[in-house]
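A.B. asks: got a predicted structure here, sequence first:
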Amino acid sequence: ETGVTQSPTHLIKTRGQQVTLRCSSQSGHNTVSWYQQALGQGPQFIFQYYREEENGRGNFPPRFSGLQFPNYSSELNVNALELDDSALYLCASSKQGSRFDSNQPQHFGDGTRLSIL
Amino acid sequence: AQSVSQHNHHVILSEAASLELGCNYSYGGTVNLFWYVQYPGQHLQLLLKYFSGDPLVKGIKGFEAEFIKSKFSFNLRKPSVQWSDTAEYFCAVKPGYSSASKIIFGSGTRLSIRP
């Protein structure tokens, strides 16, 4: 089975720009979660999408937004980039029976490393 | 706010030494607990998890963890480490109230094994 794939692997942007990161979920998975991992820190939950709808959000401002498509792939969009947005962005997919079935194992991708100059 | 504390940022051991990595969390209700591992150049992988039942959980590669509710702890152990255990280890907690998979991660412990 194909695992979780993320693109691009690396990206350099400047302050104020906008960025879109992409994630293809593992085959058969319908749920995607996004995390931000700053250097030296653990991943922080940004939000989750279940069957194309947002299903929970962490403490991130509205300029962090997302989408999930009918094939369950997902995008993370960040507007008005700030220096502190420099981080590794991780996508994790899982197969949930419902939006409340939150105990399914998550499978992580390798991440996109975003650098803001 | 809920948080997860991992006491050691970097642990260095010799092969065959015993390992214990500490993890404490701050949430008084029902929790699901996880340990994830990230080997050099690889993605995060689930090592073991606790949802309910026996508080001593066995995971892959000889790792185990013990949930002690009174201490809000979920320490990771391995009786004899190998060089291949060199990795970063993350403890994580999912509060029981959360309908989404909002997992709260600790800041990680880097484990280096001397051959």
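C.D. replies: The structure has been received and is ready for your questions. Numbers count the residues shown, from 1 in each chain, chains lettered A, B, ... in the order given.

A.B. asks: all strands for chain B, in order.
C.D. replies: Remark: strands of chain B, listed N- to C-terminal, are B:4-5, B:10-14, B:19-21, B:24-25, B:31-38, B:45-50, B:56-58, B:64-68, B:73-78, B:87-95, B:104-105, B:109-114; assignment by DSSP state E.

A.B. asks: ok, now chain A?
C.D. replies: Listed in chain order, the strands of chain A (DSSP E) span A:5-7, A:10-13, A:19-24, A:31-37, A:44-50, A:53-57, A:64-68, A:74-78, A:87-94, A:107-108, A:112-116.

A.B. asks: most neighbours per residue, which of those?
C.D. replies: Scoring the strands of chain A by mean neighbour count under mean count of other Cβ atoms under 10 Å in any protein chain shown gives strand A:31-37 as the most buried, with a mean of 26. Bear in mind the C-beta positions are built from the backbone N, C-alpha and C, glycine included.

A.B. asks: wait, does that one contact chain B?
C.D. replies: Yes. Strand A:31-37 lies in contact with chain B when judged by Cβ under 8 Å from any Cβ of the partner chain; the contacting residues are A:Thr31, A:Ser33, A:Tyr35.

A.B. asks: ok, that strand: who's next to it in the sheet?
C.D. replies: Strands flanking strand A:31-37 in the sheet, each with its direction: strand A:44-50 (antiparallel), strand A:87-94 (antiparallel) (DSSP bridges).

A.B. asks: picking up where we left off before, in TSV: the strands of chain B, plus distance to chain A.
C.D. replies: Conversion of these to TSV gives the following (distance: least, Cβ to the nearest Cβ, whole Å):
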stretch	distance to chain A
strand B:4-5	7
strand B:10-14	11
strand B:19-21	13
strand B:24-25	12
strand B:31-38	6
strand B:45-50	6
strand B:56-58	14
strand B:64-68	15
strand B:73-78	14
strand B:87-95	5
strand B:104-105	3
strand B:109-114	10
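
A.B. asks: for the chain, what are the low-confidence residue spans?
C.D. replies: All of this refers to chain A. A:1-2 (pLDDT under 70).

A.B. asks: right idea, wrong chain: chain B
C.D. replies: B:1, B:97-101.

A.B. asks: find the nearest non-adjacent residue to A:Gln44, please.
C.D. replies: Excluding the flanking residues, the one nearest A:Gln44 by Cβ to Cβ, 6 or more residues apart in numbering or on different chains is A:Gln36, at 5.0 Å.

A.B. asks: how about the contacts made by residue 109?
C.D. replies: You didn't pick a chain, so chain A it is. Taking Cβ atoms under 8 Å, 6 or more residues apart in numbering or on different chains as the definition of contact, the neighbours of A:Gly109 are A:Gly3, A:Val4, A:Thr5, A:Gln6, A:Cys23, A:Leu90, A:Cys91, A:Ala92, B:His43.

A.B. asks: you looked at the wrong chain, it should be chain B
C.D. replies: If you count contacts by Cβ under 8 Å, 6+ apart, then B:Thr109 has B:Gln6, B:His7, B:Asn8, B:His9, B:His10, B:Val11, B:Leu21, B:Glu88, B:Tyr89, B:Phe90 around it.
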